[in-house]
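**Student:** What would the 3D arrangement of this be:
(2 chains)
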Number of protein chains: 2
Amino acid sequence: MPYNIADPGRDINDLIVRKAKVFREKQGIDVRTGHRVESIHISKKSVSGAAKEGGAFHIPYDKLLIATGAAPIVPDVPGFDLPGVTVLKSLDDARGMKRLIQEHRVKRAVILGMGYIAMEMCEALRARGIEVEMVKPRPTFMPWMNQDLAAVVKKEIEANGVKVHLGQGIRMIDRTKAGLRVVCPDMTVDCEMVLAAIGIRPCSELAEKAGIALGPEKSISVDKTLLTSNGDIYAAGDCADAYHMVTGEKTWIPLALRANRAGWAVADNLLGKRTELPGVVGTAVFKVFDMEVARTGLSLAEAEKFGFEPVEMVIESVTRAHSYPGGSPLYVQLVGDRKSGRLLGAQMVGKEGAAHRINAPAVALHAGMRVDEFYQTDLAYAPPFGPTWDPMLTAANRLLKEM
Amino acid sequence: MPYNIADPGRDINDLIVRKAKVFREKQGIDVRTGHRVESIHISKKSVSGAAKEGGAFHIPYDKLLIATGAAPIVPDVPGFDLPGVTVLKSLDDARGMKRLIQEHRVKRAVILGMGYIAMEMCEALRARGIEVEMVKPRPTFMPWMNQDLAAVVKKEIEANGVKVHLGQGIRMIDRTKAGLRVVCPDMTVDCEMVLAAIGIRPCSELAEKAGIALGPEKSISVDKTLLTSNGDIYAAGDCADAYHMVTGEKTWIPLALRANRAGWAVADNLLGKRTELPGVVGTAVFKVFDMEVARTGLSLAEAEKFGFEPVEMVIESVTRAHSYPGGSPLYVQLVGDRKSGRLLGAQMVGKEGAAHRINAPAVALHAGMRVDEFYQTDLAYAPPFGPTWDPMLTAANRLLKEM
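**Tutor:** Numbering: from 1, shown residues only, chains lettered A, B, ... in the order given. Got it, this is the predicted structure:
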């Protein structure tokens, strides 16, 4: 949606992959839109709720799949119901934002939060010529990232005219004559649009009410076949948890590939073909203006939390060989475990090659590789793509010396 | 060198990393240029030869390192000694080519061979406004590559005005009034410059003469510590062989990272710190015009040769999500072993993301991953960088079904 919002020439409906009609008429699936399930009746093996048109419904099941996804967290402060204040979750949210912008009523926007969606949206809004200020209550910019790397991202955002306000909790949103006013303890910001992108939470209320076991951050706990604590109920998508391949523990990292993969696997399992998903390593990338930001595995703090003895290495390298024109800095962070020698995580920031590069340590994490083994891998080299020693290998070499 | 040759504004001497003087004066290394070693005397533990100035020399050693590199293969046909006919190995070769081009005497060039150097040089010469024709005797363009992918590369080269002549052995090079004439059985090509880039061979004559064991393609056979069959003699760089991590057999794949890595490892071993290099997986990338070409591991034919039961899958995917503008086709080939389920190799061609993507299967090959394990890896996704399922995962899924 952010990329569609960035482009006034594109219809938001381009993002619709398949309409309910196709499910019903071509695939023979009884899709009931406008039906809100309110209860799962475990003993009766049925669900019940209220339909928009037609009142109460009650549907029995042999097997049940909960795929309720995640919902944006809305700050509990006055003014969030004002027009021009929005989240970005549904197509309707995006449609509303586009309409607001299209009607030329938005000159200044405030984004609450500084996660992936906030970053992508700050680029999209700048592309539409809108002044953007980002606000968050905690004092640290991208706290999950090594702070040397986070500083590079912050600089990129600020270089593109975005104002970043850290340590500013929001008290309320006020209506003014001209638009909206975001009120923080130490400042106010006037604008015509407020986007709340402060995070998401799993939609697990139905499951919880039915007594189904929950996992991290109240996500629905599932085994490797996506089965919940109830033998007839599966959960998949952003509402469900997963095993983390580095820690071996449960985690909740709601991202598209895992959600999609879980959808396919749960279909297999529902239909009797046993399929197991081993787990995730938390690979995530985004682009903000000209900068690629990538991570996989554990941050230093996460590694400490999970009982490792982590050692961190950060290097600045280059995206192209010195003999090839147009290179720029590439920052690589690696985390290793002093006890086992294992690679635990990687982070990268740079204008090219950071996003795709992260897949190499991601695969190494799946394989449980030690840092010395990763250091010996035969990675690609040609002058347009990096130095002879890929920056990841240089980082691994220096990390080994620290370990 | 190709990228330097492409740019008339850059001095070829920019490529000199360190002069002999620095070795001598700053590092205390007795570098003797102009000294050609002619014999290794195993029993006497010495080398002897002739110096440019000062005649014969004889130097004893405790430990000897052979780092003689590789030499371009020169076709054995008349006319290779003519001015304007060259290889590209030394800085002097590049200097000569640049001078020839600078003096505006080159309008048309013929490149013999279609390997990495040939590809990079055809782009460099086109950048200088030179008409380029490529000629090779064998009928197959990039025979090591899946031919669907090879066709994409060939199309890219031809779209940039390069003529590709397959199945044309060269009979001789003739001098004409205006320049040179390359004479093939079915055609002649007039030009002002001929570059022979038909391959390289390891410089192993000295080692062979001394009775040191040779490996594949007459490279010098070394163990994981870079020790040759003689307990006091090491070999490293493009003259030496390596273990292939997929086949477990010796291989000769002369590329920069392995050569550089072997240099560091041999220094450790010479100085008494035991360092082992497990081996290579044959990762190689190059850029030709706007196309990135990448490979790792075994091709289908190589896998067959080494006794695997290989299955190949080729898919066409895209470099960006459909929601993000500017995507282009990405072609991915994977090879798996039906018997063991192992991933054996990968190849990719595309305008972005092919070169860096290859590192993921490269790491998987080092880890000995099966295709089903690789299919479960948590690879990066964001719309600017590819579809939700990375094309490598889609290829793995389809390969699994074939296997």
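
**Student:** what comes up buried for the lowest-mean-pLDDT helix or strand in chain A?
**Tutor:** Between all helices and strands in chain A, the lowest mean by mean pLDDT, DSSP states H and E belongs to helix A:20-25, at a mean of 92. Residues of helix A:20-25 classed as buried: none (neighbour count, 16 or more other CB atoms under 10 Å in any protein chain shown). Every C-beta, even on glycine, is put in place using the N, C-alpha and C of the backbone.

**Student:** Over to stretch A:190-203?
**Tutor:** Going by neighbour count (16+ other CB under 10 Å), the buried part of stretch A:190-203 is A:191-198, A:200-203.

**Student:** Close to chain B: what parts of the stretch 101-250 of chain A are there?
**Tutor:** A:116, A:245 (CB under 8 Å from any CB of the partner chain).

**Student:** show me where the stretch 51-200 of chain A has helices.
**Tutor:** Secondary structure of the stretch 51-200 of chain A (DSSP state H, counting those that start in this stretch): helices located at A:91-102, A:116-127, A:147-159.

**Student:** quick one on the thing from earlier: nearest to chain B among the buried residues of stretch A:190-203?
**Tutor:** Taking CB to the nearest CB as the measure, chain B sits nearest to residue A:197 out of the buried residues of stretch A:190-203, at 15.4 Å.

**Student:** Test my guess that that closest one contacts residue A:118.
**Tutor:** Yes. Using CB atoms under 8 Å, residue A:197 is in contact with residue A:118, at 4.1 Å.

**Student:** which residues do the two both contact?
**Tutor:** By the contact definition CB atoms under 8 Å, 6 or more residues apart in numbering or on different chains, residue A:197 and residue A:118 are jointly contacted by A:111-112.

**Student:** Check which helices and strands the helix or strand harbouring residue A:303 is in contact with.
**Tutor:** Element membership of residue A:303 [criterion: DSSP states H and E] is helix A:300-305. Using 3 or more CB pairs under 8 Å, 6 or more residues apart in numbering or on different chains; DSSP states H and E as the contact criterion, the neighbours of helix A:300-305 among helices and strands are strand A:310-318, strand A:329-337, strand A:343-350.

**Student:** Partner strands of the shortest one, with direction?
**Tutor:** Using DSSP bridges, the strands paired with strand A:343-350 in its sheet are strand A:291-297 (antiparallel), strand A:329-337 (antiparallel).

**Student:** Ok, the first one next?
**Tutor:** Paired strands of strand A:310-318, with direction, are strand A:329-337 (antiparallel) (DSSP bridges).

**Student:** tell me which residues in the partner strand are buried?
**Tutor:** When neighbours are counted by 16+ other CB under 10 Å, the buried residues of strand A:329-337 are found to be A:330-337.

**Student:** Need those residues in a markdown table (columns: distance to residue A:379).
**Tutor:** Listed next are those as a markdown table, based on distance: CB to CB, whole Å:
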| residue | distance to residue A:379 |
| --- | --- |
| A:330 | 13 |
| A:331 | 17 |
| A:332 | 12 |
| A:333 | 17 |
| A:334 | 14 |
| A:335 | 19 |
| A:336 | 17 |
| A:337 | 22 |
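
**Student:** looking at it, residue A:61 is touching residue A:48, isn't it?
**Tutor:** No. Taking CB under 8 Å as the definition, residue A:61 is not a contact partner of residue A:48, at 11.3 Å.

**Student:** quick one on the thing from earlier: JSON lines please, covering the strands paired with strand A:343-350 and showing distance to residue B:402 and mean pLDDT.
**Tutor:** Supplementary listing: the strands paired with strand A:343-350 in JSON lines, determined by distance: least, CB to CB, whole Å; pLDDT from 0 to 100:
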{"stretch": "strand A:291-297", "distance to residue B:402": "29", "mean pLDDT": "98"}
{"stretch": "strand A:329-337", "distance to residue B:402": "36", "mean pLDDT": "98"}
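
**Student:** Just the closest of the buried residues of strand A:329-337 to chain B, please.
**Tutor:** Nearest to chain B among the buried residues of strand A:329-337, counting by CB to the nearest CB, is residue A:330 at 10.9 Å.

**Student:** which SSE is the nearest residue to residue A:356 once chain neighbours are set aside in?
**Tutor:** On the basis of CB to CB, 6 or more residues apart in numbering or on different chains, the spatially nearest residue to residue A:356 that is not a chain neighbour turns out to be residue B:356, at 3.6 Å. Taking DSSP H and E as the criterion, the element that holds residue B:356 is helix B:354-357.

**Student:** so how far is that helix off the chain centroid?
**Tutor:** Here helix B:354-357 shows a centroid-to-chain-centroid distance of 17 Å under the convention CA atoms, centre = their mean, to the nearest Å.

**Student:** Please name every helix or strand in contact with that helix.
**Tutor:** helix A:354-357, strand B:284-288, strand B:291-297.

**Student:** for residue A:8, what are its contacts?
**Tutor:** When the contact criterion is CB under 8 Å, 6+ apart, the partners of residue A:8 are A:98, A:101-102, A:128.

**Student:** is it true that it lies in a helix?
**Tutor:** No. Residue A:8 sits outside any helix when classified using DSSP: H, G, I helix; E, B strand; the rest coil, being coil.

**Student:** Now do it against residue A:389, distance only.
**Tutor:** Separation of residue A:8 from residue A:389 (CB to CB, to the nearest Å): 45 Å.

**Student:** shaky segments in the stretch 101-250 of chain A?
**Tutor:** When the per-residue scores of the stretch 101-250 of chain A are filtered using pLDDT under 70, no range remains.

**Student:** what about the strands in it?
**Tutor:** Listed in chain order, the strands found in the stretch 101-250 of chain A under DSSP state E, counting those that start in this stretch are A:108-112, A:131-135, A:163-165, A:172-175, A:180-183, A:188-191, A:193-196, A:200-202, A:233-235, A:242-243, A:250-251.

**Student:** how would you label the residue in the stretch 1-150 of chain A positioned nearest to chain B: helix, strand or coil?
**Tutor:** Using CB to the nearest CB, residue A:3 is the residue of the stretch 1-150 of chain A that sits closest to chain B, at 5.1 Å. At residue A:3 the chain is in helix, as set by three-state DSSP.

**Student:** Find the nearest non-adjacent residue to it, please.
**Tutor:** Skipping the residues right next to it in sequence, residue A:3 comes nearest to residue B:324 by CB to CB, 6+ apart, at 5.1 Å.

**Student:** Do I have it right that that neighbour meets residue A:2?
**Tutor:** No. The pair residue B:324 and residue A:2 fails to qualify as a contact (CB under 8 Å) at a distance of 9.6 Å.

**Student:** These two: who's more crowded?
**Tutor:** A side-by-side neighbour count of residue B:324 and residue A:2, using other CB atoms under 10 Å in any protein chain shown, places residue A:2 first with 24 against 20.

**Student:** Could you pull up the residues touching that one?
**Tutor:** With contact set as CB under 8 Å, 6+ apart, residue A:2 has these partners: A:88, A:117, A:120-121, A:123-124.

**Student:** Now the two most distant members of these.
**Tutor:** Pairwise distances across the contacts of residue A:2 (CB to CB) peak at 13.2 Å, for the pair A:88 and A:123.
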